[in-house]
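Engineer: mind folding the following:
(4 chains)
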Protein chains: 2
Amino acid sequence: MALAEADTRSRILNAAEHLFMEHGFEATTLRMITTDAGANLAAVNYHFGSKEALIAEVFRRRLTWLNEQRLAALEAAEVGAGDTALKPRQIVEAFFGVAIRMAADVEGGGRTFMRLLGRTYTEPSEFVRGFLAEEYAAVVIRFKAALVRALPDVPQEEILWRFHFMMGAMSYAISGADALHILSDVQLDDANTEALYARLMSFLIGGLRAPLPDIQPKKKPSKSRTRKAA
Amino acid sequence: MALAEADTRSRILNAAEHLFMEHGFEATTLRMITTDAGANLAAVNYHFGSKEALIAEVFRRRLTWLNEQRLAALEAAEVGAGDTALKPRQIVEAFFGVAIRMAADVEGGGRTFMRLLGRTYTEPSEFVRGFLAEEYAAVVIRFKAALVRALPDVPQEEILWRFHFMMGAMSYAISGADALHILSDVQLDDANTEALYARLMSFLIGGLRAPLPDIQPKKKPSKSRTRKAA
DNA sequence: GCACCATTCAAACGCTTGTTTAAATCCACT
DNA sequence: AGTGGATTTAAACAAGCGTTTGAATGGTGC
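Structural biologist: Residues are numbered from 1 along each chain as shown, chains lettered A, B, ... in the order given. Predicted coordinates:
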């Protein structure tokens, strides 16, 4: 809510972010947004041009910063390591640690944004996926390369898939208790960020470093060998 | 598309399932659905009563069966094990294996449905989350109990979280290459179900069996101590 | 005081949405 | 052939949508 202090443009962004997280893009109307922001209906089109442009700006203002932080964290780790190879855990922490830390910022809206982002990654809308891909391009290339270097025995394709799986786990970790109450009537403590971070990291590293699966050479559903390499 | 053979009711369900997966619930209109199904606009309200009821039925007709299969797979494993304890891997395979196998069924629409389901699990809409919780209740209680029995050293809360993380990873695994192309311009082979299954299982088991994280005793946001025991 | 630009405002725009209606059509059964 | 219930149809409905308009308002520099 951030009180009613900031200027109209920011109040609209904040209200939109929160409502998008709660109801999704389509179900959130400009009237809901401007009402919550204490602004006139026409303000969105005046300040942003259109609803689509507003959505894009909601992501841009935080995502750019988030990915810069990720790159900075990775570079800091690499500098600290000197000539020695980076451990996979350090890379994972650079990428997901920054995200979890942002999700811990409740008052500043980071929590809201990360919940929104996690869901949006599998968003159907072509338009949303479009600029998401743009924003992610640089950072993903960089982290993928770092992981390939840190895991010389793991095929590149496998690394990409595990990166993908990790993003799924993180996404659910952050969307958190809302979804978890489907799993259990017990209310889980997702306010404890330190704990969530520790839990998620254990899980991610465990998955990333798991024994490689045995993949048949494709297009051959023969069920003979079940060899497992480490 | 299943040709235009089945009766109107089924054709509507199939068209709706596919369109929901592609565009989401809100962005999919009844006119899109009935056009694709080759039916009159009023057919949805005649056969289902409302759009919401149609959404519920799209899930119900497959989810009930899916969860029955999961329970059956778990019981079969337990019978096979006799008095000996079930291995975590068997439990995970019962739950996620059935899902992945359903996702492999492209022609019958299982693939489409599983993609839809994965995204819907973090769906904002209260109404959707409502009946999803209902459908899942029984099966989750059962699997949670099985995991608790199979992992006596792991706290229950930790098991729930890891179960949650696993669902996230699976969800992303199935929504698959659509989202993955954000990660990489390389097109990944998510048509190879056997391979995807093997990959995901390795990752999930690795995460589930990872060393336990160190969790501070909770409810102490004092910034003094940062103790971390191993 | 006045002119100037940015911002806000109430009102309306055209369009699409889910839903309803009442008539038309189909098909099984006698 | 003809009755009756289920289904399909075209048309209309009110409500809500994103967007546009043109006038009112606000504050700055002269």
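
Engineer: need the contact list for the residue most central in space within chain A.
Structural biologist: The residue lying closest to the centre of chain A (Cα atoms, centre = their mean) is residue A:118, at 4.9 Å. Residue A:118 is in contact with A:170-172, A:174-175, B:122, counting by Cβ atoms under 8 Å, 6 or more residues apart in numbering or on different chains. Yep, even glycine has a C-beta here, placed from its N, CA and C like the rest.

Engineer: for it, which non-adjacent residue is closest in space?
Structural biologist: Nearest residue to residue A:118, sequence neighbours excluded (Cβ to Cβ, 6 or more residues apart in numbering or on different chains): residue A:171, at 3.5 Å.

Engineer: tell me which parts of chain A are close to DNA strand D?
Structural biologist: By the rule Cβ under 7 Å from any atom of the strand, the part of chain A lying against DNA strand D is A:28-32, A:41-42, A:44-45, A:50-52.

Engineer: same for the lengthiest helix in chain A, what does it pack against?
Structural biologist: Using DSSP state H, we find that the single longest helix of chain A is helix A:51-81. Where contact means 3 or more Cβ pairs under 8 Å, 6 or more residues apart in numbering or on different chains; DSSP states H and E, helix A:51-81 is packed against helix A:8-23, helix A:88-92, helix A:98-104, helix A:110-120, helix A:126-150.

Engineer: give me the buried stretch members for that helix, please.
Structural biologist: When burial is assessed from 16 or more other Cβ atoms under 10 Å in any protein chain shown, helix A:51-81 yields the following buried residues: A:51, A:54-59, A:62-63, A:66-67, A:69-71, A:73-74, A:77-78.

Engineer: on that earlier part again, what is the burial count for the residue nearest to residue A:118?
Structural biologist: Close neighbours of residue A:171, defined as other Cβ atoms under 10 Å in any protein chain shown, add up to 26.

Engineer: immediately after the helix or strand of chain A with the lowest mean pLDDT, which helix or strand?
Structural biologist: The weakest-scoring helix or strand in chain A, judged by mean pLDDT, DSSP states H and E, is helix A:177-183 (a mean of 65). Where DSSP states H and E defines the elements, the next helix or strand beyond helix A:177-183 is helix A:193-208.

Engineer: quick check, residue A:143 in contact with residue A:73.
Structural biologist: No - using Cβ atoms under 8 Å, residue A:143 is not in contact with residue A:73, being 10.3 Å away.

Engineer: overlap in contacts of these two?
Structural biologist: Between them, residue A:143 and residue A:73 share these contacting residues under Cβ under 8 Å, 6+ apart: A:94-95.

Engineer: thinking residue A:62 is in contact with residue A:111, fair?
Structural biologist: No - using Cβ under 8 Å, residue A:62 makes no contact with residue A:111, being 11.3 Å away.

Engineer: got the end-to-end distance for stretch A:150-163?
Structural biologist: End-to-end distance of stretch A:150-163 (Cα to Cα, to the nearest Å): 13 Å.

Engineer: what of stretch A:35-45?
Structural biologist: 14 Å.

Engineer: do that stretch and DNA strand C meet at all?
Structural biologist: Yes - against DNA strand C, stretch A:35-45 shows contacts by Cβ under 7 Å from any atom of the strand at A:39-43.

Engineer: pick the one among those closest to DNA strand D.
Structural biologist: Closest to DNA strand D out of those is residue A:42 (3.7 Å), distances taken as Cβ to the nearest atom of the strand.

Engineer: so where's chain A shaky on pLDDT?
Structural biologist: Scanning chain A for pLDDT under 70 picks out A:1-5, A:124, A:176-191, A:216-230.

Engineer: got the domain ranges for it?
Structural biologist: A:1-49, A:59-208 (automatic domain parsing).

Engineer: check whether the shortest one contacts chain B.
Structural biologist: Spelled out, it's domain A:1-49. Yes - contact between domain A:1-49 and chain B is present through A:21-24, A:26-27 (criterion: Cβ under 8 Å from any Cβ of the partner chain).

Engineer: gap between that domain and the chain center?
Structural biologist: 22 Å (Cα atoms, centre = their mean, to the nearest Å).

Engineer: quick one on the thing from earlier: the helices and strands packed on helix A:51-81 into TSV, with extra columns for distance to DNA strand C?
Structural biologist: Compiled in TSV, the helices and strands packed on helix A:51-81 are given as follows (distance: least, Cβ to the nearest atom of the strand, whole Å):
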stretch	distance to DNA strand C
helix A:8-23	3
helix A:88-92	42
helix A:98-104	28
helix A:110-120	21
helix A:126-150	16
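
Engineer: mind checking which of those is nearest residue B:202?
Structural biologist: Closest of these to residue B:202 is helix A:88-92, at 15.1 Å (criterion: Cβ to Cβ).

Engineer: pull out the buried positions in the closest one.
Structural biologist: Using 16+ other Cβ under 10 Å as the test for burial, helix A:88-92 gives A:88, A:90-92.

Engineer: sorry, back to before: tell me the angle of the longest helix of chain A relative to helix A:126-150?
Structural biologist: 10 degrees (axes from the mean of the first three to the mean of the last three Cα atoms, to 10 degrees).

Engineer: hmm, helix A:51-81 touching DNA strand C?
Structural biologist: No - figure legend: helix A:51-81 not in contact with DNA strand C (Cβ under 7 Å from any atom of the strand); closest approach 12.2 Å.

Engineer: what's the angle from that helix to helix A:8-23?
Structural biologist: Put simply, helix A:51-81 runs at 90 degrees to helix A:8-23, going by the same axes, to 10 degrees.

Engineer: picking up where we left off before, nearest to DNA strand C among the contacts of residue A:118?
Structural biologist: Using Cβ to the nearest atom of the strand, residue B:122 is the member of those that lies nearest DNA strand C, at 21.5 Å.

Engineer: can you tell me how far the closest one is from chain A?
Structural biologist: 5 Å (Cβ to the nearest Cβ, to the nearest Å).

Engineer: my read: that residue touches residue A:174, true?
Structural biologist: No - with contact defined as Cβ under 8 Å, residue B:122 does not reach residue A:174; the gap is 9.6 Å.

Engineer: what about these two, which has more around it?
Structural biologist: Neighbours were counted for residue B:122 and for residue A:174 using other Cβ under 10 Å; residue A:174 has more, 28 against 22.

Engineer: quick one: residues contacting residue A:93.
Structural biologist: A:73, A:77, A:201 are the contacts of residue A:93 under Cβ under 8 Å, 6+ apart.

Engineer: return the member of those nearest to DNA strand C.
Structural biologist: Distance to DNA strand C across the contacts of residue A:93 (Cβ to the nearest atom of the strand) is lowest for residue A:73, with 35.2 Å.

Engineer: just checking, that closest one touches residue A:99?
Structural biologist: No - taking contacts as Cβ under 8 Å, residue A:73 lies outside contact range of residue A:99: 10.5 Å.

Engineer: export the contacts of residue A:118 to TSV and tack on distance to DNA strand C?
Structural biologist: Below are those laid out as TSV (distance: Cβ to the nearest atom of the strand, whole Å):
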residue	distance to DNA strand C
A:170	32
A:171	27
A:172	28
A:174	30
A:175	25
B:122	21
